[in-house]
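> Can you look at this prediction? I've put the sequence above it.
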Amino acid sequence: MLVAQNVAHRRTTVLVIGTDAAKLELRQLPAEDIELSVVLACDSLENLQTIVEASQPHLILLDIQFADLCGVQICRQLKHSSVTSEIPVILVTAEGDTDGRIAGFEAGAADCVSSTIDSRELGARVNAQLASSRSRKQILSQDEQLRTALASMSQGVCLFHADGTLALSNSRYAEVYGVDPALINPGQSLEDIIKLRDEVGAVPKMSREEYLEWAQDTNAGDSSQVWVKELKSGKVIRGCHQRTADGGWVSTHEDVTEARLAERSLAQAHAQAERAEQEARAAHARLLAAFEVVPEGLALFDENDRFVMWNRRYEQLYADSGAPLVKGMGFEERLRSGLQRGQYPDAIGREDEWLADRLARHAEPNSAHEQRLPGNRWVRIEERRVSGGGSVGIRVDITDLKMREASFRLLFEGNPLPMWVQDRETLQFLDVNQAALDHYGYDRDLFLSMTLLDILSPEDRERMKTAAPGAEHVIDADRSQRHRTACGAEIEVFIYSSQLAFDTHPASLIAAVDVTERKRAERALLQHRDDLEETVRSRTAEIARQAAELERMLDQERQVNELQRQFVSMASHEFRTPLSIIDGAAQRLVRRKNAVTSEFIGEKTEQIRSAVSRMLELMESILAVGRLDHGHIDIDRKPCALGDIIGTCIARQESIRKSHRFLLDLERLPSTIYGDGAALEQVFTNLFSNAVKYAPDAPDVYVTGWQQDDFIQITVRDEGIGIDADDLPKMFGRYFRARSSSGIAGTGIGLNLVKQVVELHNGEIHVDSVKGEGTVFTVKLPIAAPEQIEKDARTLADQIGLPIEVQPQSQNR
């Protein structure tokens, strides 16, 4: 059950809860300012909380024991609620209840008094708590306004303690260097912050240590400093530094890349400020120091539009408005003073209308506009209402920007090239210079009532109308267009375009260069060029054909000469070696002619026979190559016993080189095949000779043969020096010798001859080898009737360009 009694109706509300509190004499309170509300009973803690939240008193007098509720518990709950936590609570206890008072203070009570307290002391304590509460609310309100101003600044702002740790900063302080704002927090050192910048490449072109040393030296200075640094990323940062009274420093950091490189207007982004977790009064003093460093003019207003705070830059911008600003001066009062002194040139002659419009803008939640000041100076005004009812005003000097705009207007209007501004979406003409009006023959009003489509040729107009969505990008591209003038003449122009904002609308600035005469001359030149080129082509075609044929013949001659040179070099060496062997053996026989033995004669005879055999092989290879070069080779196909041919070749090799033995597996071969026995004997003689020659330390040569379908296959495998993998594809090239054959006699024509003979039998030959492990040659020959062989041979001869005649069994050529 709730019983409430309103004792008086005053501006300041004191809520009295409990009978003991209600018995206290409050006569020392100024009756005209105090409204007392009394709660004598309540059935639950929740209902009591509801009463307090609804009444929102300025102070609470609370019994330590209220009905069945504990006053300490009530106090603790009030302090835990965000709605009632700021209301001061004075706990009323029994005389001498020290434990109750301690518990009350621990629960958050602002003060504790006994139920027998003197009324004068009680009045003094209540007035002190009310004054403290009002003072705290005023400080919090000003702090909120200052934080809102800091969040609205376009620069990054930071404040450091005297020990070099971060006290507070806004998010822009991190963003201007490309650092995540969440990574920069109070308590971090300058070195920690520079490390974060270094990780994203947002440091000057110096080492991290040099950068830190520079920053520390700059911040240690007592005087105000302004510095500009170019980062490795190309971004340019301008900073302003100022020492604070407590030994720390405050500085601003601004990205001035656009201003430095393109001389564009100042960046207008305002970053949100992070709440500083510092004690209210100390934070307030540091924020005041930051307030003065900002290059823009700043002013804070209370809910009644009275000046609360401003910086020196604000006063400088409005120096002509009269006496210096004082705290509590009304905004309208300041405007009227400026009007009387001519501070606002645009208001002269219409002061009342101008004042009403300015006050209406100031009352808006957010507003931005430009204002002209004496001396043709301009400022951009941005104003924002804050949650407490006050507002923040920012003034940026844009005089330089206005001067650049005037220069642009002069260049646009006086340019001899036709120029205009068109809406990017509707293509409506928004502005035009005199050169365009003269060139196209329209007056200004008519031209500005038209769109780009109205001056395009019919073909270009239809193309633009049917363009896909996003075609405005095509329209703005530098390209050629066909236009029609007022008199109907069609001209060809080249369009140069750039994007801009025109009265807040997306627009394009167009410059049109008439290229009609130039295009006509270009077309005439192109036609003349085409006629000349056709004449030259028709007269030089035969010369080109003859030159190509001559080049082909010269290239063929060069190839033949190179092959002959290589062959002569190798052949001269190969003939010299066996002749030297024969000559040496003969000389030894002469020297020992009177004392020779049969064994000595047999040894020297064997050397002579081996050398003669080598010379015969060379001569036969040379003759065969010659026949191939002239396009003729005798192929006499008839039934032949391949096993006997292989046996003859092996016997010859064993009689010449007794160091090697041949291991045969030929039982699976057919008894006969159709082929040229002499040519096949030359094939296997070359293969066996190579197997012996390139395996000097491996005496066994393996010869295996078998029949597979309509073919026979013969493999010759040695365990010699092997061949490099990259040499295998070139092994059958004429005069080619593998790198592994260095120091071993040979001409490089044997395997080439073997391949051509095998292919003239419609066969195939392959080689596999591993260096250091040996080599395997595989010969594949058909088992076919003579008629089929003849047909296949003629087909192959036609393919390779040889006039080869394949003879029947009883004929030779």
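Structure received. All figures in this text were calculated on a predicted structure; none of them were measured in a lab.

> In contact with Tyr344, which residues are there?
Gly338, Trp354, Gln371, Arg372, Leu373 (Cβ atoms under 8 Å, 6 or more residues apart in numbering). Placement of C-beta: from N, CA and C, glycine included.

> I misspoke; the intended subject was Asp460.
Contacts of Asp460 by Cβ under 8 Å, 6+ apart are Gln481, Arg482.

> and it, helix, strand or coil?
helix (DSSP: H, G, I helix; E, B strand; the rest coil).

> hmm, back to that, among the contacts of Tyr344, name the ones in helices.
Gly338, Trp354 (DSSP state H).

> In PyMOL, how would I select just the buried ones from the contacts of Tyr344?
To isolate the buried ones among the contacts of Tyr344 in PyMOL, judged by 16 or more other Cβ atoms under 10 Å, type:
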select buried, resi 338+354+371+373
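
> ok, of the contacts of Tyr344, which one's closest to Gln138?
Nearest to Gln138 among the contacts of Tyr344: Gly338, at 28.6 Å, using Cβ to Cβ.

> Next one: that closest one, what pLDDT does it get?
At Gly338, the model reports a pLDDT of 86.

> which non-adjacent residue is nearest it?
Ser321 (3.7 Å; Cβ to Cβ, 6 or more residues apart in numbering).

> Next, count neighbours for the one you found.
Neighbour count of Ser321, defined by other Cβ atoms under 10 Å: 21.

> before we move on, what about Glu759?
15.

> Quick check: which element contains it?
Assigned by DSSP states H and E, Glu759 belongs to helix 750-760.

> so what does that helix touch, helix or strand wise?
For helix 750-760, the packing partners by 3 or more Cβ pairs under 8 Å, 6 or more residues apart in numbering; DSSP states H and E come out as helix 598-629, helix 677-693, strand 764-770, strand 774-782, helix 786-800.

> after the first one, next one along is what?
Past helix 598-629, heading to the C-terminal end, the next element that is a helix or strand (DSSP H and E) is strand 635-636.

> Tell me which helix or strand comes right after that next one.
Scanning onward from strand 635-636 (DSSP H and E), the first element met is strand 638-640.

> How is Pro416 classified with respect to secondary structure?
coil.

> what residues are up against the closest residue to it other than its chain neighbours?
Excluding its sequence neighbours, the residue lying closest to Pro416 (Cβ to Cβ, 6+ apart) is Ala435, at 5.4 Å. Listed by Cβ under 8 Å, 6+ apart, the contact set of Ala435 reads Asn415, Pro416, Leu417, Pro418, Met419.

> Give the buried residues for the helix or strand harbouring Ala435.
Using DSSP H and E, Ala435 falls within helix 434-440. Within helix 434-440, the residues scored as buried using 16+ other Cβ under 10 Å are Ala435, Ala436, Leu437, His439, Tyr440.

> what about Leu664, which helix or strand?
With DSSP H and E as criterion, Leu664 is part of strand 661-668.

> After that strand, which helix or strand is next? Please name it.
In N-to-C order, the element after strand 661-668 by DSSP H and E is strand 673-675.

> Quick check: mean pLDDT of that next one?
Rounded mean pLDDT across strand 673-675 is 92.

> name the helices or strands packed onto that strand?
Packing contacts for strand 673-675, counted by 3+ Cβ pairs under 8 Å, 6+ apart, involve strand 638-640, strand 774-782.

> And these, which one averages the lowest pLDDT?
strand 638-640 (a mean of 91).

> Identify the neighbouring strands of it in the sheet and state each direction.
strand 673-675 (antiparallel) (DSSP bridges).

> so how far is the partner strand off the chain centroid?
Strand 673-675 sits 71 Å away from the centroid of its parent chain (Cα atoms, centre = their mean, to the nearest Å).

> Name the surrounding residues that touch the helix or strand encompassing Ala299.
Here Ala299 sits within strand 297-301, counting by DSSP H and E. With Cβ under 8 Å, 6+ apart as the test, strand 297-301 has contacts from 142, 145-146, 149, 291, 307-311, 313-318, 331, 379, 390-397.

> Same question for stretch 645-656.
By Cβ under 8 Å, 6+ apart, stretch 645-656 touches 609-610, 613, 660-662, 664, 666, 677, 680-681, 684-685, 688-689, 692, 703, 705, 714.

> Repeat that for stretch 714-724.
Here stretch 714-724 has contacts from 642, 646, 669, 684, 687-688, 691-692, 694-698, 700-705, 731, 738-741, 767, 769-779, 781, using Cβ under 8 Å, 6+ apart.

> how about that stretch: buried residues?
Applying 16+ other Cβ under 10 Å to stretch 714-724 flags Ile714, Thr715, Val716, Arg717, Asp718, Glu719, Gly720, Ile721, Gly722, Ile723 as buried.

> The fourth one pairs with what?
So the one you mean is Arg717. Going by DSSP bridges, Arg717 forms beta bridges with Tyr702, Val776.

> And it, how close does it get to Val703?
8 Å (Cβ to Cβ, to the nearest Å).

> Centre of the chain to the longest strand seen in the chain, how far?
The longest strand of the chain (DSSP state E) is strand 490-502. Relative to the centre of its chain, strand 490-502 is centred 32 Å away, using Cα atoms, centre = their mean.

> quick one: buried residues of it?
Going by neighbour count (16+ other Cβ under 10 Å), the buried part of strand 490-502 is Ile491, Glu492, Val493, Ile495, Ser497.

> ok, so of those, who is nearest Gln756?
Nearest to Gln756 among the buried residues of strand 490-502, with distances taken as Cβ to Cβ, is Glu492, at 68.6 Å.

> Doesn't Glu517 belong to a helix?
Yes: note on Glu517: a helix contains this position according to three-state DSSP.

> That one: neighbour count?
Counted by other Cβ under 10 Å, the residues lying close to Glu517 total 10.

> picking up where we left off before, show me which pair in the buried residues of strand 490-502 is furthest apart.
Spatial extent of the buried residues of strand 490-502 (Cβ to Cβ) is set by the pair Ile491 and Ser497 at 17.6 Å.
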